[in-house]
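**Q** Can you look at this prediction? I've put the sequence above it.
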Amino acid sequence: MPMADSASRRTSAVEIARNAAISMSIGVAFFFLIFIVRQELWGYRLALYGAVAGLATYVFSHSLDVVVGDRIRRRHFVSDKLVGVPIYFVAGIVAFVATTAVLEALGVMPFHLSGRDLWLALVISGVISIVIGLLFYSFHVMRQRLRESIERIKEQEFAEKELELARSIQRRLLPPELLSGEGYCINARNLAAHVVAGDFYDVFHQSDGALGIVVADVSGKGIGASLIMASVKAVLPLIAEGRRPAATLTELNHKLHGELAPREFVALAYARFEPRTGTLELANAGLPDPYLLGEAGSVEPLSVSGPRLPLGTRSQVAYESMMLTLHPGERLLLLTDGLPEAPTVAGDPLGYEAFAHLVTAAAKNPGDLLDFLFASVRSASQPALDDDWTAVLIQAIAVTRAGTPTHAT
């Protein structure tokens with residue numbers, strides 16, 4: 001026998017024994033109460049009569065309820081409680097008659113019942129059985145609901161732990177927030193609106209020495225979005241190898257269209273950066289325009305021509321790309337729409353114009369640009385995140401003759 005079944009049967013046996021003991025106690029109390037004015041009948045025989053009657057009432061009621069009541073309840077003819085009323089009434093009468101007959105046969109009846117007394121006792125027993133039966137049924141329903149509530153709480157706690165584990169794994173899949181090497185410095189931030197994020201970023205090296213930098217926003221939230229994120233993150237470096245950004249997004253879009261369900265898509269911006277020359281090629285599939293930040297504090301949005309549909313929405317999309325050169329000290333900011341579309345206290349989106357002003361202020365700030373920008377957006381929006389926030393800042397670094405970056409801010 002499985003351990004769970006054994007425990008369940010032990011619990012059921014304890015339950016039945018407890019209910020039987022309660023019924024016997026009620027039977028004894030009931031009989032002593034009925035004969036309160038005839039205390040000469042009080043004694044062990046009256047107690048025995050009440051105990052046996054109570055036990056018999058419970059056994060008959062429980063048996064009839066299981067055999068007949070459950071079948072009626074499954075048909076949903078009447079409410080559950082009404083099903084039990086005639087069953088408990090009949091069971092109480094049968095139990096009283098059976099108890100009286102047995103004790104009379106054994107010669108231990110405490111008194112003799114006349115015909116009128118018998119009919120009156122039968123009615124009273126039936127009514128008492130209904131009360132006791134409904135009491136036990138209500139107690140059973142309350143206990144069942146409590147058990148279901150406890151199970152739901154346990155399931156919720158387990159789900160929360162699973163989500164926390166998923167978020168921990170997801171964080172480990174992302175690159176470090178700060179990456180630097182010869183000719184470049186990359187800063188990144190990823191804030192999840194929920195436990196598991198739909199946004200992600202990635203940085204990977206290609207065989208010719210170029211860097212692939214990705215920022216993406218997967219539709220939806222939760223585990224489903226995180227699984228899509230992991231899949232895209234795993235396959236993108238393979239597809240990008242040997243391809244330019246526009247061709248990479250075109251191929252990735254074709255692959256995702258065959259894999260994603262309706263209404264699932266991935267908005268993604270992909271930059272291919274060559275640190276030695278500062279050459280950067282950018283393709284964009286549905287994310288906000290990146291910002292080019294000049295050394296003098298200028299901020300310029302970069303709009304890639306051609307289709308801007310998110311990946312996976314259509315089978316064949318011919319994406320385009322744009323070329324630019326990042327000179328030492330210049331920076332490129334890639335981001336998801338959670339930042340410019342963050343809801344303000346009034347409930348309206350922050351807006352791209354207001355966000356551009358925040359980017360300009362952050363570019364002129366001597367501290368960490370992304371920390372300052374995220375803090376500025378948080379100050380201008382509602383406290384709770386409505387969507388994931390992700391941003392990646394690419395900076396070109398001047399290289400000395402020895403090949404060491406002169407600065408990395």
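**A** Received the coordinates, thanks.
**Q** Low-confidence ranges, the stretch 101-250 of the chain, go.
**A** Residue ranges of the stretch 101-250 of the chain with pLDDT under 70: 111-126, 128-130, 132-137, 139-140, 159-160, 162-170, 195-197, 221-223.
**Q** can you give me the helices in it?
**A** For the stretch 101-250 of the chain, applying DSSP state H, counting those that start in this stretch gives helices covering 115-173, 222-240, 245-259.
**Q** so how many other residues sit close to Arg189?
**A** If you count neighbours by other CB atoms under 10 Å, Arg189 ends up with 18. For the C-beta atoms, the positions are set from N, CA and C on the backbone; glycine is no exception.
**Q** now the closest residue to it other than its chain neighbours, what's its secondary structure?
**A** In this structure, Arg189 finds its nearest non-sequential neighbour in Leu370, 4.8 Å apart by CB to CB, 6 or more residues apart in numbering. Here Leu370 is helix, with the state taken from DSSP: H, G, I helix; E, B strand; the rest coil.
**Q** can I assume Leu370 is in contact with Leu393?
**A** Yes. Between Leu370 and Leu393 there is a contact under CB atoms under 8 Å: 5.7 Å.
**Q** Compare neighbour counts for those two and give me the winner.
**A** Using other CB under 10 Å, the more surrounded residue of Leu370 and Leu393 is Leu393, with 23 against 19.
**Q** Could you double-check that that one sits in contact with Leu179?
**A** No. If you go by CB under 8 Å, Leu393 and Leu179 don't touch, sitting 10.8 Å apart.
**Q** Any figure for the gap between Val377 and Leu335?
**A** 10 Å (CB to CB, to the nearest Å).
**Q** And Glu157, by the same measure?
**A** Relative to Leu335, and taking CB to CB, Glu157 is found at 35 Å.
**Q** between the two, who's got more neighbours?
**A** Neighbours per residue (other CB under 10 Å) separate Glu157 from Leu335, with Leu335 holding more: 27 against 10.
**Q** Quick check: phi and psi at the more buried one.
**A** Dihedral pair for Leu335: phi -150, psi 160, per degrees, to the nearest 10.
**Q** same thing with the one 3 residues further on?
**A** In terms of degrees, to the nearest 10, the main-chain angles of Gly338 are phi -60, psi -30.
**Q** The residue nearest to Arg189: what's it in contact with?
**A** Asn187, Ala188, Arg189, Ala362, Ala391, Leu393 (CB atoms under 8 Å, 6 or more residues apart in numbering).
**Q** Tell me the helix or strand right after the helix or strand containing Gly27.
**A** Assigned by DSSP states H and E, Gly27 belongs to helix 3-34. Next helix or strand after helix 3-34 toward the C-terminus (DSSP H and E): helix 44-64.
**Q** what's that following helix packed up against?
**A** helix 3-34, helix 80-106, helix 115-173 (3 or more CB pairs under 8 Å, 6 or more residues apart in numbering; DSSP states H and E).
**Q** same thing but 6 Å
**A** Using 3 or more CB pairs under 6 Å, 6 or more residues apart in numbering; DSSP states H and E, the elements in contact with helix 44-64 are helix 3-34, helix 80-106.
**Q** how far is the last one from where the chain is centred?
**A** Pointing back at helix 80-106 there. Mean C-alpha position of helix 80-106 versus that of the full chain (CA atoms, centre = their mean, to the nearest Å) differs by 49 Å.
**Q** out of the helices and strands packed on helix 44-64, which comes closest to Leu287?
**A** helix 3-34 (50.2 Å; CB to CB).
**Q** From the chain's centroid, how far away is that closest one?
**A** 39 Å.
**Q** Could you check how far Arg74 is from Arg45?
**A** Counting by CB to CB - Arg74 and Arg45 are separated by 43 Å.
**Q** So for these two, which sits in the more crowded spot?
**A** Relative neighbour count places Arg45 above the other of Arg74 and Arg45, with 15 against 8, counting by other CB under 10 Å.
**Q** Asp65 and Tyr58, how far apart?
**A** For Asp65, the distance to Tyr58 - CB to CB - is 10 Å.
**Q** how's the protein carved up into domains?
**A** For the chain, automatic domain parsing gives the domain ranges 3-163, 177-396.
**Q** Highest mean neighbour count out of those domains?
**A** domain 177-396 (a mean of 18; mean count of other CB atoms under 10 Å).
**Q** Next, the distance between the ends of that one.
**A** Taking CA to CA, to the nearest Å, domain 177-396 runs 17 Å from one end to the other.
**Q** what does stretch 256-275 give?
**A** Using CA to CA, the distance between the terminal residues of stretch 256-275 is 30 Å.
**Q** what sits up against that stretch?
**A** Here stretch 256-275 makes contact (CB atoms under 6 Å, 6 or more residues apart in numbering) with 182-184, 210-219, 232, 245, 280-287, 310-313, 315, 334.
**Q** Stretch 299-307 now?
**A** Asn284, Asp289, Pro290, Tyr291, Leu292, Leu293, Val317, Glu320, Met322, Val359, Thr360, Ala363.
**Q** just these now: which is nearest Arg172?
**A** Using CB to CB, the contacts of stretch 299-307 come closest to Arg172 at Pro290, 26.4 Å.
**Q** residues contacting that closest one?
**A** Pro290 sits in contact with Leu302, Leu332, Leu333, Leu334, where contact means CB under 6 Å, 6+ apart.
**Q** so what's Asp217 up against?
**A** Contacts of Asp217 (CB under 6 Å, 6+ apart): Asp199, Ala267, Thr336.
**Q** my bad, Pro343
**A** Pro343 neighbours (CB under 6 Å, 6+ apart): Gln382, Asp386.
**Q** can you give me phi and psi for Gly242?
**A** phi 80, psi 0.
**Q** how much space is there between it and Ala210?
**A** Distance from Gly242 to Ala210, by CB to CB: 11 Å.
**Q** Gly367 now?
**A** 30 Å.
**Q** just Arg314 next, same as before
**A** 28 Å.
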